[in-house]
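Visitor: just a sequence and a predicted model for now, questions to come.
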Amino acid sequence: MKKKILFVCVENSNRSQMAEALVKILGKDAEAYSAGSKPSGTINPKAIASMKQLGYDLSGHKSKSLDEIKQFAPFDAVVTMGCGDACPWMPAKKFMDWDIPDPKGMNEQDFDKVRDQIRNQVEDLLASL
């Protein structure tokens, strides 16, 4: 059975979206979801461009609230990404917080560094499930 992973950040427009996409690229035995505690409603064009470099089209994704995602609970892992107290509880076997900076205002090179940091942590997570 596939492992279910939920990634949560504030706007669901950058970090959690890239993490969800990276699981889809790397994880054969995992299903990924993402949501925001205060979803922006859009995907950052920088995130779309950054993921396109890896051959993934993020433009079809949409920014989602936790209410839209809770129907898929319980999860094997819930990963929060620097949303602090704004991250609500979701039923899951494992909780972790990745201290990943919000790349929203970064230049392209620094944005890609954040993407690569997320990729490394996704690889480690998939190996641990």
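Guide: Yep, it's here.
Visitor: list the helices and strands the lengthiest helix in the chain packs on?
Guide: Across the chain, the longest stretch assigned as helix under DSSP state H is helix 108-128. Counting contacts by 3 or more C-beta pairs under 8 Å, 6 or more residues apart in numbering; DSSP states H and E, helix 108-128 is packed against helix 15-26, helix 45-52. Every residue, glycine included, has its C-beta placed from N, CA and C.
Visitor: and the spatially most central residue of the chain, how far from residue 69?
Guide: Centroid-nearest residue in the chain, with C-alpha atoms, centre = their mean: residue 16, separated by 2.1 Å. Look at residue 16 and residue 69: by C-beta to C-beta, to the nearest Å, they are 10 Å apart.
Visitor: name the residues contacting each of these two.
Guide: 34, 35 (C-beta atoms under 8 Å, 6 or more residues apart in numbering).
Visitor: hmm, back to that, which other residues reach the longest helix of the chain?
Guide: Outside of helix 108-128, the residues within contact range by C-beta under 8 Å, 6+ apart are 5, 14-15, 18-19, 22-23, 26-27, 30, 46-47, 49-51, 53-54, 77, 79, 96, 98, 100-101, 103, 106.
Visitor: what comes up buried for it?
Guide: 111, 112, 114, 115, 117, 118, 119, 121, 122, 125, 126 (16 or more other C-beta atoms under 10 Å).
Visitor: check those residues against residue 90 and report the nearest one.
Guide: residue 125 (16.0 Å; C-beta to C-beta).
Visitor: on that earlier part again, pLDDT on the longest helix of the chain, on average?
Guide: Mean pLDDT, helix 108-128: 97.
Visitor: hang on, residue 50 packs against residue 18?
Guide: Yes. Using C-beta atoms under 8 Å, residue 50 is in contact with residue 18, at 7.0 Å.
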